[in-house]
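**Student:** What would the 3D arrangement of this be:
(2 chains)
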Protein chains: 2
Amino acid sequence: MKVAILGAGAMGSALTVPPSENGHEVVLWGTEFDEKSIKSIRDTGIHPALGARLPKINTTFDMMEAVKGASIVVIAVSSEGFKNIATEASKVLPKDAIFLTVTKGLAEKEGMVETLSDFYDSFGLHNPYVAIGGPSLAKEVALGNPTRVVFASKDEKAAETCTKAFKTKNYFVEKSTDVRGVELLSALKNVYAIPLGAILGIEKKTGNVDMMKNLWSAVFTAAVEEMASIVEVFGGKKETAYGLAGLGDLEVSVRGGRNAKFGQYLGEGMSIKEAEAKIGSTVEGYGTTKLVYGFVSSNKSGKLNTPLLKATYEMLYKDRPAESLLEILGQ
Amino acid sequence: MKVAILGAGAMGSALTVPPSENGHEVVLWGTEFDEKSIKSIRDTGIHPALGARLPKINTTFDMMEAVKGASIVVIAVSSEGFKNIATEASKVLPKDAIFLTVTKGLAEKEGMVETLSDFYDSFGLHNPYVAIGGPSLAKEVALGNPTRVVFASKDEKAAETCTKAFKTKNYFVEKSTDVRGVELLSALKNVYAIPLGAILGIEKKTGNVDMMKNLWSAVFTAAVEEMASIVEVFGGKKETAYGLAGLGDLEVSVRGGRNAKFGQYLGEGMSIKEAEAKIGSTVEGYGTTKLVYGFVSSNKSGKLNTPLLKATYEMLYKDRPAESLLEILGQ
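**Tutor:** Numbering: from 1, shown residues only, chains lettered A, B, ... in the order given. Below is the predicted model of the structure:
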C-alpha cells in the first residue's frame, strides 16, 4: 500500500515511521516551508526538529507525485492550507483513498461550531475522512516510543484500513466513531493546558514549587469536566473526553506542550507578549481560548458551567492576574 | 461548634486548620503512636511530619475528653483502629453528632467488597457518616494551600453541616452522595499510582527520562477508565471516578505519593523488598492490589476489562518485569 504524507513538519514526518515499519511505501511531501527539513532528511535521514532518524522514505516537493496511487493520504499541514490541499489531492485520488488527518481547526459559523470535518464535508469531497487524536508527541512517535492514539471516523472501514496500516508494536490505535468529539478535544486541550501551566508558574513565583499539587489536581479535574460538558453540548460524546483524546491528550500537553509553557510564563508574571516572545512562536491555545469562550458563552442550553474557561479567557484577554484562577475552586 | 479530631497523624493534624479558621473549638486526640507529635505541637505548635505550624488547638490523650460535646468527630486513625474508636466514641455522642472520616479500608467478604462505611453500618451505630475524598496532601492543607475535596454521605444534612464547618477561603468542599464510589476510589488510586510510577522508573533505567510521556498519558487514561468501570460494577457511580475523588486524587498521588515512588523503584529495577526498604514503610497499594485483583477477577458481570490491573498485579506478585506494563497498550 502507498501512504502519502502531506506536510513535513514534526508530526507529519514522525508519522512516516509506523507505516514504514509495516512495510508500506511511504512518500513525504514537503511544502515550501519544509525545504530545510526535506534537505536534511535526504542528506542525513534526520529530521531537524525531531532530532530523530527517519526510516528510508521517498521525499518530494511535488504534491501530485506524492498523492498519485496512494491508498492513504495523511494531511499534516496547517489548518489554513487544508482546503486547497484536500481539494487538489482528491482530484487525482480514487474515491476509496482515505484522508487521515492530524490537522485540526475550529471555526465559529453563525453561532455554531465548525470543525475541520464539517468544513471538509462542505467541500463536497467524497473520500473517507479519519481524524487522529490522543497523546502523541511527535518526537516520541519518531523514536518508536510507545504511543496509543485514537483514529476517529464515521466510516468504520476506513478507520480499520488506517489502523491496519499504522498499528505497530509501539504505535497502538483505538478506533472511535466520535469524530466531532475528537476534533473538539484536540482544540480544547490547548485551552486548558494554559491555566494548568499557569499554576506551575504561580508556584514558582511565590516560592511554592511543588506545593500546589492539591490545587493543580483540582484544576486538572475541573478542566476534564468542562471539556466533557463542552463536547457533549456541541455534538460529541462525553466519554470521548474521558479517553485518550481528552484527558490523555491534556496530560501530555501539560507535560510537554507550548500552551502549558505559555501559561507557566503568565503565572510567573510575564505579559502575553513577553510569554509569546520567550516561546518564539504563536501559541495555538491563545486564539482558541477566545474562540471557544465565544461559542460557549453564547450557548443557550443552560448545560454549561465553565468557570475555568472564563477565568482563562479573562486572564488572557481582560488582564486578570493569573492568581485569580484560584477562585475557580470556590465555584 | 466543637470538632474532635481523632488521630494526630499528618492528615488528622492538618484537618485542625479549616475548622479552626472558621472559629470552631478544635480538639486533637493523639494515640500512643502520636506522643512525639502531640508533644511537639504542645511545645512548638509545629507538627513534625507536616513541618507546618498548626493553629492554637487543644490536644489530649484522653479520647473521651476529646469527643465529649463534639458535633463533628473526624476519624483519622488506621483502618484497624477504626471499629474500636467509632464504637467507643458513639457511646458518649448524641445521635446527630457526625463522623467525618479520612480513614479508608476495603475488605473482601464472601466475594463482595466491603468498604469502611459498610463495615460501620454493620456495627449498628447510628451517627451520620461522611467520607472525605479528593486530592488532598496533608502538608498543603496544613499550610493553607488551595485544596478542593469531596464530602460524601447518604445523609445530605450531615454533609452540609461538615461543609459549613470546614469550608474556608483555601479549603473547598464539594458534596456527593456516592459514599461507596469515593471509598472505592481512595483505595483504587493507590493501586493505579504504582504502574504510573513504574513508567517513570523505566524512563530512568533506560535513559529515556521525560521521553515516555505518550505512554504515561495513555496509561493514566487507562487507569481512570479501569477505576471507573470497577467503581460502577461494585456499586458506585462512574462519574465519581472522573471527578476529584477519582482522577483528581490519582493525579496528586502520582505526583507526591509513596505508592508512585514504590512503583518508580520497581521500574528502576529494584525488588519489592528493596523498594519497600527504600521507602521505609509499608506501601498501601501493594496489599490493595492483591485485594482488588482478587475481587475484580472473580467478578462474573462480564463488564470488567482491566488489563492494567492485571499487569500491575503480576508485576507485584508474579515477578513479571515492569516493562511488561507496556503491553497493556495493545489490549
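
**Student:** C-alpha only now, for contacts and for neighbours.
**Tutor:** OK.

**Student:** per-residue confidence for A:Ser281?
**Tutor:** A:Ser281 carries a pLDDT value of 84.

**Student:** quick one: contacts for A:Phe99?
**Tutor:** A:72-75, A:127-130 (C-alpha atoms under 8 Å, 6 or more residues apart in numbering or on different chains).

**Student:** one more time with 10 Å
**Tutor:** A:4-5, A:71-75, A:86, A:89-90, A:126-131, A:158, A:162 (C-alpha atoms under 10 Å, 6 or more residues apart in numbering or on different chains).

**Student:** got it, and A:Thr103?
**Tutor:** A:7, A:11-12, A:74-82, A:116, A:131-132, A:183, A:186.

**Student:** do the same with A:Ile38
**Tutor:** When contacts are counted by C-alpha under 10 Å, 6+ apart, A:Ile38 touches A:8-9, A:13, A:28-32, A:44-48, A:58-61.

**Student:** So A:Lys104 belongs to a helix, correct?
**Tutor:** No: counting by DSSP: H, G, I helix; E, B strand; the rest coil, A:Lys104 is not part of a helix but coil.

**Student:** Which parts of chain A belong to which domain?
**Tutor:** A:2-177, A:180-330 (automatic domain parsing).

**Student:** Using neighbour counts, pick out the buried residues of the helix or strand where A:Thr161 lies.
**Tutor:** In the assignment (DSSP states H and E), A:Thr161 maps to helix A:156-166. By 16 or more other C-alpha atoms under 10 Å in any protein chain shown, the buried positions in helix A:156-166 come out as A:156, A:158-160, A:162-163, A:165-166.

**Student:** again with stretch A:31-48
**Tutor:** A:31, A:37-39, A:41-42, A:45-48.

**Student:** returning to what we had before: what angle sits between the helix or strand just after the helix holding A:Thr161 and helix A:156-166?
**Tutor:** Going down the chain from helix A:156-166, the next helix or strand is strand A:171-176, by DSSP H and E. Put simply, strand A:171-176 runs at 170 degrees to helix A:156-166, going by axes from the mean of the first three to the mean of the last three C-alpha atoms, to 10 degrees.

**Student:** Could you confirm whether the following helix or strand past strand A:171-176 reaches chain B?
**Tutor:** Tracing the chain past strand A:171-176, the next element assigned as helix or strand by DSSP H and E is helix A:179-205. No: counting by C-alpha under 10 Å from any C-alpha of the partner chain, chain B is not contacted by helix A:179-205; separation bottoms out at 10.6 Å.

**Student:** Would you map the helices across the stretch 1-150 of chain A?
**Tutor:** With helices called from DSSP state H, counting those that start in this stretch, the stretch 1-150 of chain A shows them at A:10-14, A:17-21, A:35-44, A:63-67, A:79-92, A:116-123, A:138-142.

**Student:** what's the angle between the fifth one and helix A:116-123?
**Tutor:** In this structure, helix A:79-92 runs at an angle of 50 degrees to helix A:116-123, with the same axes, to 10 degrees as the basis.

**Student:** in helix A:79-92, what's buried?
**Tutor:** Here helix A:79-92 shows A:82, A:86, A:89-90 as buried, counting by 16+ other C-alpha under 10 Å.

**Student:** Contact residues of the stretch 51-200 of chain A facing chain B?
**Tutor:** A:134-141, A:143, A:145-149, A:167-174.

**Student:** Please repeat the previous calculation with a cut-off of 6 Å.
**Tutor:** Within the stretch 51-200 of chain A, the positions near chain B by C-alpha under 6 Å from any C-alpha of the partner chain are A:135-136, A:146-147.

**Student:** about what we covered before: and of the buried residues of helix A:79-92, the nearest to chain B?
**Tutor:** Within these, the smallest distance to chain B is 26.1 Å, found for A:Phe82 (C-alpha to the nearest C-alpha).

**Student:** How much space separates that closest one from A:Phe151?
**Tutor:** 19 Å (C-alpha to C-alpha, to the nearest Å).

**Student:** and if you look at A:Phe99?
**Tutor:** 11 Å.

**Student:** Touching, A:Phe172 and A:Val150? I think so.
**Tutor:** No: assessed by C-alpha atoms under 6 Å, A:Phe172 is found out of contact with A:Val150, at 8.5 Å.

**Student:** of these two, who's got more company?
**Tutor:** A:Val150 (27 against 18; other C-alpha atoms under 10 Å in any protein chain shown).

**Student:** okay, the residue lying farthest from the centre of chain A: pLDDT?
**Tutor:** In chain A, counting by C-alpha atoms, centre = their mean, A:Gly207 sits farthest out from the average C-alpha position, at 32.7 Å. pLDDT for A:Gly207: 92.

**Student:** returning to what we had before: make TSV out of the buried residues of helix A:79-92 and add pLDDT.
**Tutor:** Formatted as TSV, the buried residues of helix A:79-92 follow (pLDDT from 0 to 100):
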residue	pLDDT
A:Phe82	93
A:Ala86	95
A:Ala89	95
A:Ser90	94
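
**Student:** which of these lies closest to B:Ala218?
**Tutor:** Distance to B:Ala218, by C-alpha to C-alpha, is smallest for A:Phe82 among those, at 28.3 Å.

**Student:** hmm, back to that, in strands, which of the contacts of A:Ile38 fall?
**Tutor:** By the criterion of DSSP state E, membership of the contacts of A:Ile38 in strands covers A:28-29, A:46-47, A:58-60.

**Student:** Got a ChimeraX select line for the buried ones in those residues?
**Tutor:** Those of those that count as buried under 16+ other C-alpha under 10 Å are selected in ChimeraX with:
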select /A:28,29,46,47,59,60
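
**Student:** Could I get the contacting residues of A:Gly105?
**Tutor:** A:79, A:115-116 (C-alpha atoms under 6 Å, 6 or more residues apart in numbering or on different chains).

**Student:** What of A:Pro19?
**Tutor:** Contacts of A:Pro19 (C-alpha under 6 Å, 6+ apart): A:165-166.

**Student:** any idea how far it is from B:Asn259?
**Tutor:** Where B:Asn259 is concerned, A:Pro19 sits at a distance of 38 Å (C-alpha to C-alpha).

**Student:** Which members of the contacts of A:Thr103 are classed as buried?
**Tutor:** A:7, A:11-12, A:74-77, A:82, A:116, A:131-132, A:183, A:186.

**Student:** would TSV of the helices of the stretch 1-150 of chain A with distance to B:Arg53 be doable?
**Tutor:** Putting the helices of the stretch 1-150 of chain A into TSV (distance: least, C-alpha to C-alpha, whole Å) gives the following:
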stretch	distance to B:Arg53
helix A:10-14	50
helix A:17-21	55
helix A:35-44	57
helix A:63-67	67
helix A:79-92	54
helix A:116-123	55
helix A:138-142	45
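
**Student:** Would you single out the least confident of those?
**Tutor:** Taking the mean pLDDT of the helices of the stretch 1-150 of chain A, helix A:116-123 comes last: a mean of 90.

**Student:** quick one: that one to helix A:179-205, angle?
**Tutor:** Helix A:116-123 and helix A:179-205 are oriented at 140 degrees to each other (the same axes, to 10 degrees).

**Student:** List the buried residues of helix A:116-123.
**Tutor:** Under 16+ other C-alpha under 10 Å, the buried positions of helix A:116-123 are A:116-117, A:120.

**Student:** Kindly report the same for stretch A:208-220.
**Tutor:** For stretch A:208-220, by 16+ other C-alpha under 10 Å, it's A:211-220.

**Student:** which residues make contact with stretch A:170-190 from outside it?
**Tutor:** A:133, A:144, A:146-154, A:231, A:236-237, A:245-246, A:250, A:259, A:285.
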